[in-house]
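1. next input, structure requested:
(one chain, ligands or ions: 1)
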Amino acid sequence: MEIIVLPDADAVAATAADIIEARVRRGPAVLGLATGSTPLGTYAELIRRHRERGLSFAQAQAFTLDEYLGLPAEHPESYRSVIRREFTDNVDFAEGAVHSIDGQAEDPEAEAERYDASIAAAGGIDVQILGIGTDGHIGFNEPMSSLASRTRIKTLTEQTRKDNARFFPSPDDVPHHVLTQGLGTIREARHILLIGLGAAKAEAIAAAVEGPLAALCPASALQLHPHTTVLVDTDAASRLEHTEYYQYTHSQKPSWQAY
Ligand SMILES: N[C@@H]1[C@@H](O)[C@H](O)[C@@H](COP(=O)(O)O)O[C@@H]1O
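-> The predicted structure follows:
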């Protein structure tokens with residue numbers, strides 16, 4: 001893992017956007033997109049670069065990470081709607097290039113298999129953006145998720161339902177079930193960007209980066225991944241014990257682009 005501690009959320013967004021821009025400019029790219037508040041600054045920065053610098057996504061494809069089960073695709077809080085509203089509709093992805101899980105599929109298990117097959121058919125994900133839940137979940141892989149899991153149905157913890165209640169009229173409206181890419185699916189992405197912002201994520205980030213590899217902290221599965229970059233602001237880094245080392249190793253490299 002490469003750990004990069006940055007002064008604030010704007011610096012994190014700019015660095016994440018640098019990494020994504022470099023990959024998109026290199027040729028047809030497959031991006032993995034997360035929802036939640038954390039990547040919003042990165043998406044805003046990519047939209048700005050599209051408008052001001054001509055960064056084009058016309059050759060790119062995108063796959064969302066997860067979806068609420070039972071929520072109609074057109075519901076404003078379906079992750080299909082959120083990712084279009086916050087990012088992809090504001091740039092120039094080609095028609096049909098943004099893929100989402102169908103939360104209303106008649107056979108959700110078949111839908112999960114179809115989704116994994118469609119990622120594989122696209123050649124796999126080049127850069128996967130991830131946020132992290134306060135309990136260490138990535139996608140909707142809650143604690144105790146199999147580290148080898150594929151896209152499948154999961155039940156949300158009460159903590160995650162509480163964390164996500166702000167997006168719904170009432171906490172009772174937060175669905176109980178979801179379809180999420182599994183930890184095994186996510187780990188197949190060639191480059192993973194795990195983003196953590198704010199003190200509320202400090203404990204989860206510390207467990208993911210410095211804790212044991214354990215299903216109790218699903219994000220710790222990224223310790224097995226050959227190319228994960230963790231981008232955190234100083235608040236999210238506040239529970240890390242080895243920040244001097246991360247700063248040292250980072251200063252020894254010309255830049256992340258050297259990878
Ligand atoms: N399924 C999403 C995750 O992909 C996201 O990382 C997490 C954190 O959200 P936020 O970035 O809003 O803190 O929320 C949801 O549970």
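2. and the helices in the chain?
-> Assigned by DSSP state H, the helices in the chain fall at 9-26, 40-53, 79-86, 108-121, 158-164, 183-186, 202-210, 243-251.
3. nearest to residue 149, out of these?
-> helix 183-186 (5.1 Å; CB to CB). For glycine as for every other residue, the C-beta is placed from the backbone atoms N, C-alpha and C.
4. residues from the stretch 151-259 of the chain in reach of the ligand?
-> Residues of the stretch 151-259 of the chain lying close to the ligand by CB under 6 Å from any ligand atom are 160, 164.
5. so where's the stretch 151-259 of the chain uncertain?
-> 253-259 (pLDDT under 70).
6. and among the helices of the chain, the most buried is which?
-> helix 183-186 (a mean of 24; mean count of other CB atoms under 10 Å).
7. can you name the residues in contact with it?
-> For helix 183-186, the external contacting residues (CB atoms under 8 Å, 6 or more residues apart in numbering) are 32, 65, 116, 119, 128, 130, 138-139, 141, 145-151, 192, 218, 221.
8. just those: which are in strands?
-> 32, 128, 130, 192 (DSSP state E).
9. I'd like those as CSV, with neighbour count appended.
-> Below are those laid out as CSV (neighbours: other CB atoms under 10 Å):
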residue, neighbour count
32, 26
128, 28
130, 26
192, 23
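10. among the residues you listed, which one lies nearest to residue 164?
-> Among the ones in strands among the contacts of helix 183-186, and counting by CB to CB, the member closest to residue 164 is residue 130, at 15.9 Å.
11. give the contact list for that closest one.
-> 32, 34, 65, 138-139, 186, 192-195, 219.
12. start and end of stretch 151-169, how far apart?
-> 28 Å (CA to CA, to the nearest Å).
13. re earlier: which one of the helices of the chain lies closest to residue 101?
-> helix 108-121 (5.2 Å).
14. can I get the closest one in CSV? Just the C-alpha atoms.
-> Output of helix 108-121 as CSV, limited to C-alpha atoms (Å, rounded to 0.1, in the frame of the first residue of the first chain):
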residue,chain,number,x,y,z
PRO,A,108,-30.7,-10.6,-7.9
GLU,A,109,-28.3,-13.5,-7.8
ALA,A,110,-28.3,-13.8,-11.6
GLU,A,111,-27.9,-10.0,-11.8
ALA,A,112,-24.8,-10.2,-9.5
GLU,A,113,-23.3,-12.9,-11.8
ARG,A,114,-24.1,-10.8,-14.9
TYR,A,115,-22.4,-7.8,-13.4
ASP,A,116,-19.2,-9.6,-12.6
ALA,A,117,-19.2,-11.0,-16.2
SER,A,118,-19.8,-7.5,-17.6
ILE,A,119,-16.7,-6.2,-15.7
ALA,A,120,-14.7,-9.1,-17.0
ALA,A,121,-16.0,-8.5,-20.6
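15. gap between residue 245 and the ligand?
-> 26 Å (CB to the nearest ligand atom, to the nearest Å).
16. next: residue 203.
-> From residue 203 to the ligand the distance is 13 Å (CB to the nearest ligand atom).
17. now do the same contact list for that residue.
-> For residue 203, the contacting residues are 134, 239, by CB under 8 Å, 6+ apart.
18. follow-up on the earlier one: what's the closest of the helices of the chain to residue 234?
-> helix 243-251 (8.9 Å).
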